[in-house]
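Colleague: Provided below are the primary sequence and the corresponding predicted coordinates.
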Amino acid sequence: MVWILSILKNKLFLWLLLIVNIIGTLYGYYWYIPQLRNTPSQFLIFVPDSPTASLFFCFVLIAYLLNRSWPLVEALAIITLFKYGVWAVVMNLLTLWVSGDLPWEGYMLMASHGAMAIQGILYSSFYRVRMWHIVVGGIWTIHNDIIDYVYMQFPVYSRLALYIQHIGYFTFWLSITSIILAYYFTQKTKRLDIHPLT
């Protein structure tokens with residue numbers, strides 16, 4: 001465990017992780033461009049879920065590299081990274097089940113989004129999150145679900161259109177699970193110091 005923590009705190013590793021997340025975030029926003037072109041302006045911020053989650057984590061990493069911490073962004077990161085990381089893996093597996101095949105991009109998305117969920121949890125020992133940060137992050141997350149499945153601005157997976165009500169139900173409980181996990185990992189486990197960096 002000690003050697004894992006030393007790697008997570010290593011300055012070179014933090015820079016590498018930041019670069020990877022920036023690339024993934026940019027690709028994520030690029031992936032959403034076709035849907036964003038047809039999205040009403042008031043919903044634009046809520047549509048690209050996964051890249052926004054990884055963007056939150058980019059700011060978490062930037063803060064650590066500056067010897068700072070931004071707890072509200074940490075709360076948003078841990079909740080949304082886990083939620084959308086798991087969500088994308090499940091949606092791609094469902095696509096495989098429904099259609100019988102999955103393009104290589106689908107496997108790439110499962111790997112990258114699985115890593116999203118894991119990295120949010122891995123860094124949770126360093127977060128300085130308080131309860132009100134989790135409340136704000138939880139409100140953001142549930143509000144995003146309402147935008148997605150009441151105003152129908154969810155990420156487009158054309159082969160899964162017939163299952164959208166079930167997906168909305170699953171997503172709501174995934175949000176609740178993500179909020180509970182954020183509470184556990186930031187309030188019920190030992191806090192560690194990300195500094196000094198080496």
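Modeller: Yep, that arrived.

Colleague: alpha carbons only for contacts and neighbour counts from here, please
Modeller: Fine.

Colleague: which residues of this structure fall in strands?
Modeller: Per DSSP state E, the chain carries no strands over any range.

Colleague: Where does the prediction get shaky in this structure?
Modeller: 1, 158, 196-198 (pLDDT under 70).

Colleague: Can you check which helix is longest in it?
Modeller: helix 71-99 (DSSP state H).

Colleague: Which strands or helices does that helix pack on?
Modeller: In terms of contacts (3 or more CA pairs under 8 Å, 6 or more residues apart in numbering; DSSP states H and E), helix 71-99 is packed against helix 49-65, helix 104-122, helix 131-149, helix 164-187.

Colleague: So what's the gap between the first one and the chain middle?
Modeller: By that I understand helix 49-65. 9 Å (CA atoms, centre = their mean, to the nearest Å).

Colleague: Next, the angle from it to helix 104-122.
Modeller: 40 degrees (axes from the mean of the first three to the mean of the last three CA atoms, to 10 degrees).

Colleague: for the longest one, same thing?
Modeller: Using the same axes, to 10 degrees, one finds that helix 164-187 and helix 104-122 are set 30 degrees apart in direction.

Colleague: which outside residues touch helix 164-187?
Modeller: Residues from elsewhere that reach helix 164-187 (CA atoms under 8 Å, 6 or more residues apart in numbering): 75, 78-80, 82-83, 87, 121, 124-125, 127-131, 134, 137-138, 141-142, 145, 149.

Colleague: Taking the residues you listed, please make a PyMOL selection of just the buried ones.
Modeller: Of the contacts of helix 164-187, the buried ones can be selected in PyMOL as follows, counting by 16 or more other CA atoms under 10 Å:
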select buried, resi 75+78+79+80+82+83+87+121+124+125+127+128+129+134+137+138+141+142+145+149
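
Colleague: one step back: in the longest helix of the chain, what's buried?
Modeller: If you call a residue buried by 16+ other CA under 10 Å, then helix 71-99 has these buried ones: 71-96.
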